[in-house]
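Q: below are the sequence and a predicted model; questions follow.
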Amino acid sequence: MNIGEAVKERILELCKEKNISINKLSIMSGVTQSTVNNIVSGRNRSATVTTIKKLCDGLDITIQDFFNSELFSELEQEIK
């Protein structure tokens with residue numbers, strides 16, 4: 001799994017845990033719906049730290065909480 005896939009899966013996981021839709025997350029975080037949709041659909045594989053931080057703010061979690069997941073423990077090497 002690469003970082004883009006892990007970010008996508010983590011967002012979906014957190015939305016499921018908090019019982020909110022992707023659309024609701026975009027409203028809560030101030031990130032455009034198209035940006036969130038692009039991340040979770042895989043079209044955007046390189047979400048910025050700023051975007052992830054805004055999503056975390058909308059989810060009422062820290063960025064540390066976001067990355068504190070097994071999804072990020074065994075990422076593929078990005079430089080090949």
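A: Noted; the coordinates are in hand. Computed from a prediction, not measured in an experiment: that's the story for all the values here.
Q: so what's the residue count around C56?
A: Neighbours of C56 under the rule other C-beta atoms under 10 Å: 18. To be clear about C-beta, it is placed using only N, CA and C from the backbone, and glycine gets the same treatment.
Q: quick check: closest non-adjacent residue to T51.
A: Spatial nearest neighbour of T51, chain neighbours left out: V31 (5.8 Å); criterion: C-beta to C-beta, 6 or more residues apart in numbering.
Q: gap between N19 and L25?
A: According to C-beta to C-beta, to the nearest Å, N19 stands 11 Å off from L25.
Q: more neighbours: which of these two?
A: Neighbours were tallied for N19 and for L25 using other C-beta under 10 Å; the higher tally belongs to L25 (22 against 7).
Q: CA atoms of the one helix or strand that one maps to as CSV?
A: Under the criterion of DSSP states H and E, L25 resides in helix 22-29. Output in CSV follows, covering the C-alpha atoms of helix 22-29 (Å, rounded to 0.1, in the frame of the first residue of the first chain):
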residue,chain,number,x,y,z
ILE,A,22,-17.8,12.2,2.8
ASN,A,23,-20.0,15.2,2.0
LYS,A,24,-20.6,15.9,5.7
LEU,A,25,-16.8,15.7,6.3
SER,A,26,-16.2,18.3,3.5
ILE,A,27,-18.7,20.6,5.2
MET,A,28,-17.2,20.1,8.7
SER,A,29,-13.6,20.5,7.5
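Q: only alpha carbons, please: show the next helix or strand after it as CSV.
A: Per DSSP H and E, the first helix or strand lying C-terminal to helix 22-29 is helix 33-41. Output in CSV follows, covering the C-alpha atoms of helix 33-41 (Å, rounded to 0.1, in the frame of the first residue of the first chain):
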residue,chain,number,x,y,z
GLN,A,33,-16.3,18.2,-1.7
SER,A,34,-14.4,17.7,-5.0
THR,A,35,-11.1,17.6,-3.2
VAL,A,36,-12.4,15.0,-0.6
ASN,A,37,-14.0,13.0,-3.4
ASN,A,38,-10.8,13.0,-5.4
ILE,A,39,-8.9,11.7,-2.4
VAL,A,40,-11.3,8.9,-1.5
SER,A,41,-11.8,7.9,-5.2
